[in-house]
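Colleague: The sequence isn't on hand, but the structure is:
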């Protein structure tokens, strides 16, 4: 069953895990791993998740980047793309030297230490199970109906409105209260950010 890219529902694919990562993601998630290693949350620079994963793989640094497959439209054509399940984040399993290596790629904004390692491993195990099970995932959970948002790209960049979902299609409501008039615009959820 094809999923709508506009609704944000996507088909998961196997997470990208370094082939050099112990014996795979299962080993990384099952225990502390090699001595001195721990899990870190890497906040990447904008749209650098996969590039950072490639850099870390080349350097033999263990990481976990859950990806999902989505359909996107560009110039009237549909394409299948792999997107990070958590945009802007990658999970690093390593020691202080691996943390430093990650920062030196200049693709990471910061590396955040994880206080409760066991709980974090449990959470990542659950994420892995969901992506491996090929279940549909909502990539844009923050874009719920009624939330204010801003368009990030294209000719409408900077336009603000309210998210409306109709028939699994993401729309932005633009209204002028003084006139009692409004308009709705169908838009790809990937082009929106939630305004806090």
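Modeller: Cool, got the structure. Please read all numbers here as calculations on a predicted model, not as lab measurements. Residues are numbered from 1 along each chain as shown.
Colleague: Let me know whether residue 162 touches residue 183 as I believe.
Modeller: No - counting by C-beta atoms under 8 Å, residue 162 sits too far from residue 183 to count as a contact (11.6 Å). Glycine gets a C-beta too; all of them are placed from N, C-alpha and C.
Colleague: So for the two, which sits in the more crowded spot?
Modeller: Between residue 162 and residue 183, residue 162 has the larger neighbour count (other C-beta atoms under 10 Å), namely 17 against 11.
Colleague: With adjacent residues omitted, what lies nearest to that one?
Modeller: Leaving aside its sequence neighbours, residue 162 sits nearest to residue 173 (C-beta to C-beta, 6 or more residues apart in numbering; 4.4 Å).
Colleague: Assign the one you found to helix, strand or coil.
Modeller: The three-state label given to residue 173 by DSSP: H, G, I helix; E, B strand; the rest coil is strand.
Colleague: Show me the helices in this structure, by range?
Modeller: Listed in chain order, the helices of the chain (DSSP state H) span 25-30, 49-58, 96-103, 117-132.
Colleague: Next, the angle from the second one to helix 96-103.
Modeller: Computed with axes from the mean of the first three to the mean of the last three C-alpha atoms, to 10 degrees, the direction of helix 49-58 lies at 140 degrees from that of helix 96-103.
Colleague: Can you point out the buried residues in helix 49-58?
Modeller: 49, 50, 52, 53, 55, 56, 57 (16 or more other C-beta atoms under 10 Å).
Colleague: which other residues reach that helix?
Modeller: For helix 49-58, contacts defined as C-beta atoms under 8 Å, 6 or more residues apart in numbering pick out 16, 18-20, 42, 44, 62-63, 65, 67, 82, 84, 87-90, 92, 101-102, 105, 107-108.
Colleague: go with 10 Å
Modeller: 15-21, 42, 44-45, 48, 61-67, 82-90, 92, 94, 98, 101-102, 104-108 (C-beta atoms under 10 Å, 6 or more residues apart in numbering).
Colleague: ditto for the third one
Modeller: Residues external to helix 96-103 that are found in contact with it (C-beta under 10 Å, 6+ apart): 36-38, 40, 42, 44, 52, 55-56, 59-63, 90, 92, 94-95, 108-111, 113.
Colleague: Select from those every entry located in strands.
Modeller: 38, 40, 42, 44, 62-63, 90, 92, 94, 108-111, 113 (DSSP state E).
Colleague: Just the buried subset of those, written out for ChimeraX, thanks.
Modeller: Remark: buried members of the ones in strands among the contacts of helix 96-103, expressed as a ChimeraX selection using 16+ other C-beta under 10 Å:
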select :38,40,42,44,62,63,90,92,94,108,111
